[in-house]
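Novice: Quick one, fold the following:
(one chain, ligands or ions: 1)
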Amino acid sequence: MKILSAKWVLPISSEPIVDGAVIVEGERITAVGTRDEILGRFPSAMVEDFGEAAILPGFVNCHSHLEITAMRGALDDVEHDFRSWLLKLNGLRAAMSDEEIGEAAFHGALEGSRAGVTCFGDIGRSGHAGFEALKRAGLRGVLYQETEFSPDDRTAEEDFARLREKFASLSGNATELVEVGLSPHSPYTVSRDLFRLIAEFASANEVKVSIHAAESADEDELVLTGNGFFTEVYAKFGVEWTSPRTSSIEYLESTGILDARPLLAHCVTVSESDIAIIKRTGSSIAHCPKSNAKFGHGYAPFERFLDSGVPVGLGSDSVASNNMCDILEESRFAALVARNRPGSARFISASEVLRAATLGGAAAMGLDEKIGTLEPGKYADIAVIAMDHPGQQPVNDIETALVFSSTSRDVIETLVNGKSVLKP
Ligand SMILES: [Zn+2]
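Specialist: Numbering: from 1, shown residues only. Take a look at the predicted model:
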């Protein structure tokens, strides 16, 4: 048994505790309270005191692409054009060996552990790179095996067979910490029949699903009218893809995939009725404000997501489009752009955004019974953030000091299942 103590403990499930402590026994948290209370109960226990610091649940980065960590900064010249970005990315990826991709993915996972991120929702096209990276770094996560470019109904059965094979090969190596899900990439790169097959399989086997959805005005136009940015690609590959002439979210619902309660990444262009569908189907949202801004895709209505009661977490997206995995910075950015969004319904508080960065992400990934708060019974996935930098002084309010004056570089300890993963 060990006791972690610090000037502030933020359980997230309850108000911050001044001069707090957390008891960790093995993999789990067994008590949270004031330092006096906890030390009074266990006067001879080993205490690790972090002093002027904050102990909180580890951050959940619920949308990432670790396997393209090597492309950090390599795509910034084409970021104004999403299609060119995707095409350049594919070219760069094809020129790299599996070892290079794997090593970069591991460094991406290390960036996360140094940033207090204890859990990733990682999308993998190759699958193995992100999966092995999370395991090697000792982190928790779900690796969502992504579909290949498969928008044609005529090949849906074969596309699904290939996907199932990749899924099975990863699932055989899943661990207590890292599980495997599926990611049909997007409404316009996956056929209706393939969505249906994935939906049936995922619902029958309780497999977690994540989808890029309603990410841009270009996607909107394509799904709604059948015209626009991807039509040349379909023509080039001789693909038959018919626009459903609805919103992306309505279309996804019509395929049956929302029955699998997927985690929907981005949701920038969603309407109130789309949000109502997301809520009704028990789906969730990975909010990626920095990636959305870097592509110029617009503002996702973050406060509307929160007010609707949909589980919403934060995602860095890939470092090729962010260019960093720093959930504190993502939180700050999320709060700032939500406040500044034209038509913003209200101000987002620091407390709400910290909740999204921890418990929200855990709930969005279906992991909130295991992680996301500091409460007895939960796994000891914990981040410790130093609060003694001059740029954080004075700490008048611990939540605003964390969100508005701290970054990942203030993180001094990261635990997963009670074990340090800061320097694996
Ligand atoms: Zn993404």
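Novice: Show me the helices in the stretch 251-400 of the chain, by range?
Specialist: 272-280, 289-294, 302-308, 327-340, 350-355, 361-364, 398-405 (DSSP state H, counting those that start in this stretch).
Novice: So what touches whatever helix or strand comes next after the last one?
Specialist: Remark: after helix 398-405, the chain's next helix or strand is strand 411-416, criterion DSSP states H and E. Residues external to strand 411-416 that are found in contact with it (CB atoms under 8 Å, 6 or more residues apart in numbering): 24, 50, 53, 58, 113-118, 138-140, 177, 379-386, 420-422. Every residue, glycine included, has its C-beta placed from N, CA and C.
Novice: Narrow these to just the buried residues.
Specialist: For the contacts of strand 411-416, a neighbour count by 16 or more other CB atoms under 10 Å gives the buried set as 24, 50, 53, 58, 113-118, 138-140, 177, 379-386, 421-422.
Novice: quick one, phi psi at the nearest residue to Arg339 once chain neighbours are set aside?
Specialist: The spatial neighbour of Arg339 that comes closest, neighbours along the chain excluded (CB to CB, 6 or more residues apart in numbering), is Phe347 at 5.4 Å. With angles defined as degrees, to the nearest 10, Phe347 sits at phi -80, psi 140.
Novice: For burial, what's the neighbour tally of Phe347?
Specialist: 10 (other CB atoms under 10 Å).
Novice: That one: what's it in contact with?
Specialist: Phe347 neighbours (CB under 8 Å, 6+ apart): 303, 338-339.
Novice: Could you tell me which other helices and strands the host helix or strand of Glu200 packs against?
Specialist: Here Glu200 sits within helix 192-205, counting by DSSP H and E. Here helix 192-205 touches helix 156-171, strand 178-183, helix 248-255, going by 3 or more CB pairs under 8 Å, 6 or more residues apart in numbering; DSSP states H and E.
Novice: hmm, 6 Å instead?
Specialist: helix 156-171, helix 248-255 (3 or more CB pairs under 6 Å, 6 or more residues apart in numbering; DSSP states H and E).
Novice: orientation of the first one relative to strand 178-183 in degrees?
Specialist: Between the axis of helix 156-171 and that of strand 178-183 there is an angle of 170 degrees, by axes from the mean of the first three to the mean of the last three CA atoms, to 10 degrees.
Novice: wait, what's in contact with the residue nearest in space to the middle of the chain?
Specialist: Nearest to the geometric centre of the chain sits Cys62, at 1.2 Å (CA atoms, centre = their mean). Contacts for Cys62 were tallied using CB atoms under 6 Å, 6 or more residues apart in numbering; they are 121, 286, 313, 315, 361, 364-365.
Novice: Include neighbour count when you put these into JSON lines, please.
Specialist: Shown next, in JSON lines, are these (neighbours: other CB atoms under 10 Å):
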{"residue": "Gly121", "neighbour count": "26"}
{"residue": "Ala286", "neighbour count": "32"}
{"residue": "Gly313", "neighbour count": "31"}
{"residue": "Gly315", "neighbour count": "32"}
{"residue": "Gly361", "neighbour count": "35"}
{"residue": "Ala364", "neighbour count": "30"}
{"residue": "Met365", "neighbour count": "30"}
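Novice: Closest to Gly102 out of these?
Specialist: Gly121 (19.4 Å; CB to CB).
Novice: now the closest residue in space to that closest one that isn't next to it in sequence, what's its secondary structure?
Specialist: Excluding its sequence neighbours, the residue lying closest to Gly121 (CB to CB, 6+ apart) is Cys62, at 3.9 Å. Assigned by DSSP: H, G, I helix; E, B strand; the rest coil, the conformation of Cys62 is strand.
Novice: Thr358 versus Cys62, what's the distance?
Specialist: According to CB to CB, to the nearest Å, Cys62 stands 11 Å off from Thr358.
Novice: And the contacts of Phe347, which of them are buried?
Specialist: 303, 338.
Novice: element containing Ala54, please.
Specialist: strand 53-57.
Novice: packing partners for that strand?
Specialist: strand 2-9, strand 382-386.
Novice: Can I get those strands in CSV including distance to Leu194 and mean pLDDT?
Specialist: Shown next, in CSV, are the helices and strands packed on strand 53-57 (distance: least, CB to CB, whole Å; pLDDT from 0 to 100):
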stretch, distance to Leu194, mean pLDDT
strand 2-9, 46, 97
strand 382-386, 38, 98
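Novice: Specify the stretch among those that is closest to Phe160.
Specialist: strand 382-386 (38.7 Å).
Novice: Pull up the per-residue confidence for Glu79.
Specialist: Note on Glu79: pLDDT of 57.
Novice: Show me the shaky parts of the chain.
Specialist: For the chain, residues meeting the criterion pLDDT under 70 lie at 79-80.
Novice: Val22 pairs with what?
Specialist: Leu4, Val32 (DSSP bridges).
Novice: what separates it from Val403, distance-wise?
Specialist: Distance, Val22 to Val403, by CB to CB: 21 Å.
Novice: Neighbour count for those two, which is higher?
Specialist: The neighbour comparison of Val22 against Val403 (other CB under 10 Å) goes to Val22, with 29 against 25.
Novice: Domain map for this structure?
Specialist: 2-57+373-420, 59-364 (automatic domain parsing).
Novice: and those domains, which is most packed in?
Specialist: domain 59-364 (a mean of 21; mean count of other CB atoms under 10 Å).
Novice: mind checking the end-to-end distance for that one?
Specialist: Using CA to CA, to the nearest Å, the end-to-end distance of domain 59-364 comes to 13 Å.
Novice: Then stretch 32-44?
Specialist: 17 Å.
Novice: again with stretch 281-288
Specialist: 21 Å.
Novice: Give me the contacts around that stretch.
Specialist: 62-63, 258, 261-267, 300, 302, 305, 310-315, 317, 364.
Novice: cool, stretch 396-406 as well?
Specialist: Stretch 396-406 has contacts (CB under 6 Å, 6+ apart) with 8, 16, 54, 328, 331-332, 350-351, 353-354, 385, 392, 395.
Novice: what about 7 Å?
Specialist: For stretch 396-406, the surrounding residues in contact (CB atoms under 7 Å, 6 or more residues apart in numbering) are 8, 10, 16, 54, 328, 331-332, 335, 350-351, 353-354, 385, 387, 391-392, 395.
Novice: now stretch 232-242
Specialist: Contacts of stretch 232-242 (CB under 7 Å, 6+ apart): 151-152, 154, 226.
Novice: Would you mind measuring the gap between the ends of stretch 356-364?
Specialist: 9 Å.
Novice: should've said stretch 134-144
Specialist: 12 Å.
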